[in-house]
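1. I'd like to go over a predicted model; first the sequence, then the structure.
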Amino acid sequence: MKRVPQIGFLADGRRLHLQDGPIDLIVEAHGSETNLRAAYNAAARRFTGLLDELCGELPILRQAADPVRCLLQGLVARRMHAAVAPFAADHFITPMAAVAGSVAEEILGAMVGAARLERAYVNNGGDIALYLADREQFTVGLMDRPDDHGLMRTMVIRADDPTRGVATSGRHGRSFSLGIADAVTVLAQTASQADAAATIIANAVDLPGHPAIVRCPAQDLQPDSDLGAHLVTRDVGGLSDVEIEDALEAGADKARQLLAAGLIDGAALRLHGETVVVAPRAMLRAETAVQRGAIESAMHV
Amino acid sequence: MLTDTTTPAADDKIRCDACPVMCYIKPGAAGACDRYANHDGELVRVDPHVVLERTVSHGGRLVPFQAGGDWDGKIVHEPSVFVTAIGAGTTYPDYKPAPFIVSSEIDGVDMVTVVTEGIFSYCGVKVKIDTDRYLGPETATVRAQGEAIGHVTTSEYGSQMLSLGGVHHLTGGSKKEGRVTCDALMDLSNCKPVELTIDGGATVVVQAGYPPIVNGVPEERMRVGCGSATIGMFAKQWHGKVDEVVVVDDHITGVLSEHQAGKLLDIPDTGIKMKGRRSTPGRYFQVAEPGTGWGGTMISDPLSVLGPFDPKRARTGMTMLMVSTTGEHAAYYELDAALKPIETPMPADLKRSVERIQENCEPALCTVLFMGGAGGSLRAGVTDNPVRLTRSVKEALTRVTSGGAPVYVWPGGGITFMVDVTRLPAGAFGYVPTPALVAPIEFTLRLSDYAALGGHMDHVRPLASLKDNTEFRQMPSRSPPGQHA
């Protein structure tokens, strides 16, 4: 059987679902019906064959990125490299660290190029590319404990904000992390940049040498992992409050550096139930206005 | 399960060729997509392991499983085979932790993307520990790493039940309690050993499919029956070889000469005097405190359950076998001139009867049933008439499975199910930091049953307006996915 991408709408009839191999996208746009059709058609067209294109250069994509030179040919592959290059001099990082965000950006770009939209997003497993026409906005919520309805931060990304990418990295995801963060969510100008930066910050949330942290070479788990012999986090045992704070602070320190360098717009770091937010302004504010009922039906029971 | 997309690799890895990533996959691991995994050297498709709660709350619907044929270039590529699973169209991202939620046009929040939240915060495990040893009083708190994670519940036949987890321990207590509970539940569900301590009782290492280890001693066998049942089973074999037999049991201790089985064999009175409370002839409750000694009592000297023999009936030289309900403990006595039982070497044919008791005891195991409720979400406003949705799901279901394993769905409201965790693929359970467990659940239906879920079909219709010529092709029926052995 020839491999075909899965392309279809979710039950709401609004969100388009694109899946091929490990790529899994949820796409939604707002605009006139004609424009929506054009946008979704463009997304489906661009999506078809995209994985093969990437896999053609997989061996290079899995190697540590050179901070300057890029041998890659494909547009998405080159975007992946560009996103990780700012970190490549000081860190071990491969272009694969930005694959999800780069693919999201590519599909969003195809849609925006083919249709007049009010706003749109492409969500690739939590790495999200956003499009906002003038005066449009997206509301993004930060959820601590959804079952609790306790803390709810929300943030509005407006058309005149620089942010067009949201990405999350951490040790529970599909890809391995060198750090111990449960999740690091980053806002940046593009999804690929957010993706790469989230990886770097999540790696920095760490307690090197801590006995409660179980690590093992990535290749022992996934023989062809781009992380090779690098030790990735398998388990994090009990940590004291001070240790949690230390680990988060190490990550926050990295986030502040990236913020100062203009590589990110903000970040939220989470470990063992504690959250630290790094942002230039009060972009992540505690928000209780969002009604409980709405949240429950949106995303929980 | 698909097994056709694999080529053998050099060692125990297999190479998946389901997509051009061509992952090498180690045993017990999944490929980059999390859709294909290496299960004992065989490539298996592991999606859709979709959690109903998430799916429905994401506006999920029933979608056919596994596309066939080439994409026709239409914007909506609908796979069309019989086997369907709720929300196979929703995605892996649901499992990726991320505190940012972008939700769907509800109260000004625009879209739901990635969440870490509880899939089964209403879940727990029921543990059955095959042992007559005393694990602790009913309702006693069960702890892991010092945190309360559940309690001792009823004793069942030859075993002690524990009820662990549940929303109270997962989210109702301290942060640490929730985390430890979640870890313990996940480990137990993934068939890993977990050490549990019971307030006022024992420390027991529980691992699904393995014997319990009570206070450092691995349990070997379940008792053959209660003491009274043991008398009934073996009375004939003892007849003529010994004057009296006492089967020591925490629940009902049996005495051969007084027992109905002994009476039928005309076994004469021996003047034995039992401690404890006589239930019916030859059956005694509470001969000793419960414990980890003989027959689940605290005793190490079985004679301590006896009073002095009645000199009117007992006689010097009378013989007595005392044995526990597992045959693990046994001793043989003769009454001396003062009618005191003196332990002496056991005759070979009595030894054989003790071995026979052992032989008839089944291996003691810990068994773990995961229990979770997925019903709440169905009522949470998915449709205008949520109860009907629940009902229709239940009625239309041909098969509910969890990771391919059969489940028992509780009658009544919601979809609360139990599954034997040893029947799921390795590592089937995950968690989210909520804390809550992520468990696979699949609903496998015929296309006709799928159509019977009218509410969902209504949701499907609008998408037809976006693409004029999507069709549901009929394909030959195929059986639901088989369970893992």
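-> On my side now, so go ahead.
2. Residue of the stretch 151-300 of chain A closest to chain B, please.
-> Residue of the stretch 151-300 of chain A nearest chain B, by Cβ to the nearest Cβ: A:T168 (3.3 Å). Heads up, the C-betas are built off the backbone N, CA and C, glycines and all.
3. For the nearest residue to B:V205 once chain neighbours are set aside, the count of nearby residues, please.
-> Spatially, and ignoring its direct neighbours in sequence, B:V205 is nearest to B:I213 (4.0 Å; Cβ to Cβ, 6 or more residues apart in numbering or on different chains). Using other Cβ atoms under 10 Å in any protein chain shown, the number of residues around B:I213 comes to 19.
4. ok, what's across the strand from B:I213?
-> B:V205, B:P218 (DSSP bridges).
5. re earlier: what number of residues lie near the residue of the stretch 151-300 of chain A closest to chain B?
-> Neighbour number of A:T168 under other Cβ under 10 Å is 31.
6. any idea how far it lies from A:L178?
-> A:T168 sits 16 Å away from A:L178 when distances are taken as Cβ to Cβ, to the nearest Å.
7. likewise A:A261?
-> To A:L178, A:A261 is 20 Å away according to Cβ to Cβ.
8. Between these two, tell me which one has more neighbours.
-> The neighbour count for A:A261 versus A:L178, taken as other Cβ under 10 Å, is higher for A:L178 (22 against 10).
9. In chain B, which helix is the longest?
-> Longest helix in chain B by number of residues (criterion: DSSP state H): helix B:175-189.
10. Going along the chain from it, find the next helix or strand for me.
-> Going down the chain from helix B:175-189, the next helix or strand is strand B:194-198, by DSSP states H and E.
11. returning to what we had before: now tell me what touches the longest helix of chain B from outside.
-> By Cβ atoms under 8 Å, 6 or more residues apart in numbering or on different chains, the surrounding residues in contact with helix B:175-189 are A:238, A:272-273, B:123-125, B:127, B:144-145, B:147-150, B:164-165, B:169-171, B:173, B:193-194, B:196, B:206-208, B:368, B:370, B:421, B:424, B:428-431, B:434-437, B:439.
12. Name only those of those that count as buried.
-> A:272-273, B:123-125, B:127, B:144-145, B:147-150, B:164-165, B:169-171, B:194, B:196, B:206-208, B:368, B:370, B:421, B:424, B:428-431, B:434-437, B:439 (16 or more other Cβ atoms under 10 Å in any protein chain shown).
13. What about those, which are in strands?
-> The strands, defined by DSSP state E, take in B:123-125, B:127, B:144, B:147-150, B:164-165, B:194, B:196, B:206, B:368, B:370, B:430-431, B:436-437 from these.
14. restrict these to contacts with chain A.
-> Applying Cβ under 8 Å from any Cβ of the partner chain, the subset of these adjacent to chain A comprises B:A436.
15. Just checking: what are the partner strands of the host helix or strand of A:A129?
-> Assessed by DSSP H and E, A:A129 sits inside strand A:127-132. Using DSSP bridges, strand A:127-132 pairs in its sheet with strand A:119-124 (antiparallel), strand A:165-169 (antiparallel).
16. So A:P280 sits against A:A267, correct?
-> No. Using Cβ atoms under 8 Å as the test, A:P280 is too far from A:A267 to be in contact (10.6 Å).
17. quick one: which helix or strand includes the spatially closest residue to A:C55 that is not a sequence neighbour?
-> Counting by Cβ to Cβ, 6+ apart, B:P20 is the residue found nearest to A:C55 once chain neighbours are left out, at 3.8 Å. For B:P20, there is no enclosing helix or strand under DSSP H and E.
18. picking that back up, and the strand holding A:A129, how far out from the chain's middle?
-> 10 Å (Cα atoms, centre = their mean, to the nearest Å).
19. ok, and what's touching it?
-> By Cβ under 8 Å, 6+ apart, strand A:127-132 touches A:29, A:100-101, A:104-105, A:107-108, A:111-112, A:117, A:119-122, A:138, A:157-159, A:163-168, A:190-191, A:194-195, A:198, B:102, B:113.
20. and those, which are buried?
-> Buried among those by 16+ other Cβ under 10 Å: A:29, A:100-101, A:104-105, A:107-108, A:111-112, A:117, A:119-122, A:138, A:157, A:163-168, A:190-191, A:194-195, A:198, B:102, B:113.
21. Now do the SS call for the closest residue to A:R45 other than its chain neighbours.
-> Take A:R45 and drop its neighbours on the chain: the residue closest to it by Cβ to Cβ, 6+ apart is A:A110, 7.2 Å away. Under DSSP: H, G, I helix; E, B strand; the rest coil, A:A110 falls in the helix class.
22. pretty sure A:A110 is touching A:T48, no?
-> No. Between A:A110 and A:T48 there is no contact under Cβ under 8 Å: 10.9 Å.
23. In terms of packing, which of those two has more residues around it?
-> A:A110 (20 against 17).
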